[in-house]
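Colleague: quick one: sequence and predicted model below, then my questions.
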There are 2 protein chains.
Amino acid sequence: MMTTARPCTIADTLAVVGEKYSLLILREVFFGVRRFDAMARNIGAPRDILTARLKRLVEAGLLEKVAYSERPPRYEYRPTAAGVELQGVLHLLRQWGDRHLAGSPPVVFSHTCGQELDPVVTCRGCGESVAPGSLTADFKVPGWGASGAV
Amino acid sequence: MMTTARPCTIADTLAVVGEKYSLLILREVFFGVRRFDAMARNIGAPRDILTARLKRLVEAGLLEKVAYSERPPRYEYRPTAAGVELQGVLHLLRQWGDRHLAGSPPVVFSHTCGQELDPVVTCRGCGESVAPGSLTADFKVPGWGASGAV
DNA sequence: TACAGTTAGTCCAGTTTTCCAACTAACCCC
DNA sequence: GGGGTTAGTTGGAAAACTGGACTAACTGTA
């Protein structure tokens, strides 16, 4: 009888950034907002929750806490390289919402190429977009499915 | 005084798929697991929570509930086109975890091109990858920042 | 010196959500 | 009739979230 959940990196990643507000903290940090008060305002998160989330993100290596004042001690939060790697997730979430939810986009991004950003997930190997059905899953853990198209 | 949170499509999207287990439901559905019991097992989610999440995802148009048995009435959950569009998010979350969390990947995906999938977010306009700093944000709502690099 | 303002939190009581296990309902197969 | 499958529902305890007030250590202004 199967009693544990599927071993899964997506679930593991969500254990780090899947709690309420965590991805919104990263959003703010990418917008250049790096201080506690401004984050609390922009996100609309309770301050104690924000404290807890920042702590978690620092521990997980997505943000680093940097002093910008000695007295009184004051810190700001900067994205690490690992944190920056999650920017794509935010682009895709924004794209999905802009496409499927009511209302006009509150922010538009322009790429250096001059075009408005429309993000596409591609395969690094061949450069083609990753279309549904273009993948084969190979499960490495016994009991959790064989190879199959996704 | 600013009292409301930043208007943001990312936050709006997370209101739909940001609750605990929602993205894992989509993961299962993409693996072809479409029935309640199997989802509950594979995700490890409480059954009442699963019920609530499935309801929400159906209402939001990400899944559709399709009868596969008349008597007794039995339904399965299939991804809609809008649901499938979120697959990229899962690929990126998995990639991030495979890179930054301990343990070896429990699943590996192969693209039709023959290579192991390493997803990259690119700009549809120019085909180049979306590197940090290669974007300019243009805020459409007054009071929420001017143009700036991201 | 007094006083308002800024910044980064902490604390608390009340509400909401989640968790877990058990239970129901409607079937099928033997 | 008994056991197995499937899709939920229910209820009580535990955990998380909420909003607001509060602290501490400054800065800048009059």
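Modeller: Sure thing, it's come through.
Colleague: where does chain A have low pLDDT?
Modeller: A:1-3 (pLDDT under 70).
Colleague: what ranges do the strands span in chain A?
Modeller: Using DSSP state E, the strands of chain A run over A:63-69, A:74-79, A:107-111, A:119-123, A:135-139, A:148-149.
Colleague: now the ones you listed as a markdown table including distance to chain B and mean neighbour count?
Modeller: All C-beta spots, glycine's among them, are computed from the backbone N, C-alpha and C. Output for those, formatted as a markdown table (distance: least, Cβ to the nearest Cβ, whole Å; neighbours: other Cβ atoms under 10 Å in any protein chain shown):
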| stretch | distance to chain B | mean neighbour count |
| --- | --- | --- |
| strand A:63-69 | 13 | 13 |
| strand A:74-79 | 9 | 17 |
| strand A:107-111 | 4 | 19 |
| strand A:119-123 | 4 | 21 |
| strand A:135-139 | 5 | 17 |
| strand A:148-149 | 7 | 12 |
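Colleague: closest to DNA strand C out of those?
Modeller: Among these, the nearest to DNA strand C by Cβ to the nearest atom of the strand is strand A:74-79 (4.3 Å).
Colleague: center of chain A, which residue is that?
Modeller: Nearest residue to the geometric centre of chain A (Cα atoms, centre = their mean): residue A:86, 4.3 Å.
Colleague: so it sits against residue A:25, correct?
Modeller: No. Using Cβ atoms under 8 Å, residue A:86 makes no contact with residue A:25, being 10.8 Å away.
Colleague: make CSV out of the strands of chain A and add distance to residue B:111.
Modeller: Converted to CSV, those look like this (distance: least, Cβ to Cβ, whole Å):
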stretch, distance to residue B:111
strand A:63-69, 32
strand A:74-79, 29
strand A:107-111, 24
strand A:119-123, 4
strand A:135-139, 6
strand A:148-149, 11
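Colleague: fine, thanks again, bye for now.
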